[in-house]
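Participant: coords please:
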Amino acid sequence: MRLHLHLLSDSTGETLEAIAKAGIAQFDGVETIKHFWPMVRSEGHLDRVLGEILQRPGLIIYTLVNSDVRRTLEHRCRIAGLPHVAALDPVTEALQRLLGQEAKTKPGRQHTLDEAYFARVDAIQFTIAHDDGIAPEDWEEADIVLAGVSRCSKTPTSIYLANRGYKVANIPLVVESPPPDILYHLEKPLVVGLTTSPDRLIQIRRNRLLSLNQAPDTAYVDQEAVARELAFARRMFADQGWPVIDVTRRSIEETAAAIINLIGERHPEGTVV
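Facilitator: Sure, this is the predicted structure:
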């Protein structure tokens, strides 16, 4: 089945994309064609967007706080028989009841360039600059340091955490080349070891080699060599007393959530969100 999914927002549309992704994941056999319509803040703009939507009708999911633009969208959808859902209404209404106040009707309010926004930008810049063992002299400035063998999700997990506002450094563990001594003397950062199963790691590494048009049969994917690498890493984690997360059956989001929980246990007074 093919579904045209129209994501219509008065801001960037990031919230809608996340909601749509989570919803579609619950269904099999659906070919989803997503259409993004961000920054819709006037009836003139809405009119142009609806003209496009009518050519490829489907489900409309929207976040619009301007009451006039919203009423126009809902009226025209009813006339055209287009299914439409206000994604944030249940949450906003529940919060209004609990907090006893009306929601602010300001488009893009969640993306205000406040202190938290700039902190996330700073975290992303730091994380990119300290990927794969770069600049060990700065590791003490990190919030989180991830250690693990090659291809155990260190970089994507670091970037995800950076987008949540955490400064992250990640360090590859290589049997023949121990990491800088500073790794064992860090005080501020939470150091977390990432590990995985040998079979899963070999599969990921082999796919990586193939994508680079390199020979898929090297020591990099040798069963015994990979087992030695993982055993070396686990011994290091145990010797240092670092918490360890097995990423074999975890998504990047699940791994990051587990790390954030560790931060919360370490600093129960509050964490970055």
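
Participant: Test my guess that residue 76 contacts residue 50.
Facilitator: Yes. Using C-beta atoms under 8 Å, residue 76 is in contact with residue 50, at 5.7 Å. No exception for glycine: its C-beta is placed from N, CA and C like everyone else's.

Participant: out of these two, which sits in the busier spot?
Facilitator: Each of residue 76 and residue 50 has its neighbours counted (other C-beta atoms under 10 Å); residue 50 has more, 21 against 16.

Participant: Tell me which other helices or strands the strand or helix carrying that one touches.
Facilitator: Assigned by DSSP states H and E, residue 50 belongs to helix 43-55. Helix 43-55 sits against strand 31-37, helix 67-80, with contacts defined as 3 or more C-beta pairs under 8 Å, 6 or more residues apart in numbering; DSSP states H and E.

Participant: Can I get the longest one in CSV, CA atoms only?
Facilitator: The C-alpha coordinates for helix 67-80 follow below in CSV (Å, rounded to 0.1, in the frame of the first residue of the first chain):
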residue,chain,number,x,y,z
SER,A,67,-6.0,30.1,14.7
ASP,A,68,-7.0,31.6,11.4
VAL,A,69,-4.5,29.5,9.3
ARG,A,70,-5.6,26.4,11.3
ARG,A,71,-9.3,27.0,10.8
THR,A,72,-8.8,27.5,7.1
LEU,A,73,-6.8,24.3,6.8
GLU,A,74,-9.4,22.3,8.7
HIS,A,75,-12.3,23.8,6.7
ARG,A,76,-10.7,23.0,3.4
CYS,A,77,-9.7,19.5,4.4
ARG,A,78,-13.3,18.8,5.4
ILE,A,79,-14.6,20.1,2.0
ALA,A,80,-12.0,18.0,0.1
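
Participant: Give me the contacts around it.
Facilitator: The list of residues contacting helix 67-80 from outside it, by C-beta atoms under 8 Å, 6 or more residues apart in numbering, reads 8, 10, 40-43, 46, 50, 54, 57, 60, 62, 64, 82-84, 86, 105.

Participant: can you give me the strands for the stretch 101-250 of the chain?
Facilitator: 144-148, 168-172, 190-195, 244-246 (DSSP state E, counting those that start in this stretch).

Participant: residues in contact with the residue positioned nearest the centre of the chain?
Facilitator: Most central in the chain under C-alpha atoms, centre = their mean is residue 160, positioned 4.4 Å from the mean C-alpha point. Applying C-beta under 8 Å, 6+ apart to residue 160 gives the contacts 252-253, 256.

Participant: Next one: it, what pLDDT does it get?
Facilitator: pLDDT recorded at residue 160 is 91.

Participant: Got the domain ranges for this structure?
Facilitator: Domains of the chain are assigned by automatic domain parsing as 2-111, 115-266.

Participant: Kindly compare burial across those domains and name the winner.
Facilitator: domain 115-266 (a mean of 17; mean count of other C-beta atoms under 10 Å).

Participant: mean confidence for stretch 184-200?
Facilitator: For stretch 184-200, mean pLDDT rounds to 96.

Participant: mind showing which ranges of the protein have poor pLDDT?
Facilitator: 103-115, 267-273 (pLDDT under 70).

Participant: for it, longest helix please?
Facilitator: Identified as the longest helix of the chain according to DSSP state H is helix 223-240.

Participant: ranges for the helices of this protein?
Facilitator: Along the chain, counting by DSSP H, helices occupy 14-24, 43-55, 67-80, 89-99, 115-129, 154-163, 198-211, 223-240, 252-266.

Participant: I'd like those helices as TSV, with distance to residue 192 appended.
Facilitator: Below are these laid out as TSV (distance: least, C-beta to C-beta, whole Å):
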stretch	distance to residue 192
helix 14-24	25
helix 43-55	44
helix 67-80	44
helix 89-99	32
helix 115-129	14
helix 154-163	9
helix 198-211	17
helix 223-240	9
helix 252-266	6
